[in-house]
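Undergrad: Give me the fold of what follows.
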Amino acid sequence: MDKFDIQSVSYNDTKGKKFDYAILPWGATEPHNYHLPFLTDCYLAHDVSVDAVRKVYEQSDLKGMILPTIPLGTQNTGQRELPFCLHTRYETQKAILTDIVASLDYQGIHTLIIVNGHGANNFRNMIRDLAVDFPNFFIVVADWFKVISQTGYFEETDDHAGEMETSVLMHYRPDLVDLSVAGDGTYKPFKAQTLREGIGWTPRNWAKVSEDTGVGNPHKSTAEKGKKFADAVSDKLAQLFIEVAKGDIY
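TA: Got it, this is the predicted structure:
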């Protein structure tokens, strides 16, 4: 049993022990093509965090705890209309994060790393605000899917429910993946060249982007590809956790 994952930890495992940092996986509840579960972002953020914290335990004397995964993400028009896709406002996410930070700060745990699994989530302004309200508390956010490049691991770049996410979930939770029903993830980019180039930004209307809610082809996915990528990501995250927990950033 993992003694660093709150899902399987009891008070007996924490009483009288010092914890150097906490991990907060944060995902979303949304469709991921036809073949992946609604909670894909949650599973992936949590599972790669488990690997990373385990590596920290093996490499150092630092102790961390993985908190319950937050399944409430920010959604785009055209996606949030779909059944059981849950849209959470910035204010709601900030309130949740603030209460978690206040709890940890009161308990003497002053370092939190958010491992984000959903591309539309953005915590930067929240973290800036919380740095004012909790000056002795340190927060770092990492988008696990951006930690390393997909190049060299996958044949096609994944944006949403494509080869990368499918492969990594096949590695961690193969029972939740059914490639036999997967759509091809064909998507339509912005017609406006300036938006395609990133000169300006606006959220995509998902109904006009994808028919199956996927953005990226999942059909070349394998658990072996997912394992190699997840191992490389968790190596980098473990390094981040160690440096942040030690306060070794300046």
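Undergrad: would you list every one of the strands in the chain?
TA: 21-26, 64-66, 111-116, 138-143 (DSSP state E).
Undergrad: mind giving me JSON lines with those and columns for mean pLDDT?
TA: Output for the strands of the chain, formatted as JSON lines (pLDDT from 0 to 100):
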{"stretch": "strand 21-26", "mean pLDDT": "98"}
{"stretch": "strand 64-66", "mean pLDDT": "97"}
{"stretch": "strand 111-116", "mean pLDDT": "98"}
{"stretch": "strand 138-143", "mean pLDDT": "98"}
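Undergrad: Counting neighbours, what do you get for H87?
TA: 18 (other Cβ atoms under 10 Å). Just so you know, the C-beta spots here come from the backbone N, C-alpha and C atoms, and that holds for glycine as well.
Undergrad: err, D99, not the other one
TA: 10.
Undergrad: The longest helix seen in the chain packs against which elements?
TA: Ranked by number of residues, the top helix in the chain under DSSP state H is helix 223-246. With contacts taken as 3 or more Cβ pairs under 8 Å, 6 or more residues apart in numbering; DSSP states H and E, helix 223-246 sits against strand 21-26, helix 40-59, strand 111-116, strand 138-143, helix 163-172.
Undergrad: Relative to L97, how far out is the residue positioned nearest the centre of the chain?
TA: Closest to where the C-alpha atoms of the chain average out (Cα atoms, centre = their mean) is G117, at 1.9 Å. Separation of G117 from L97 (Cβ to Cβ, to the nearest Å) stands at 15 Å.
Undergrad: Surely Q93 touches L72?
TA: Yes. With contacts counted by Cβ atoms under 8 Å, Q93 reaches L72, the gap being 6.7 Å.
Undergrad: shared neighbours of the two, anything?
TA: Counting by Cβ atoms under 8 Å, 6 or more residues apart in numbering, Q93 and L72 have no shared contacts at all.
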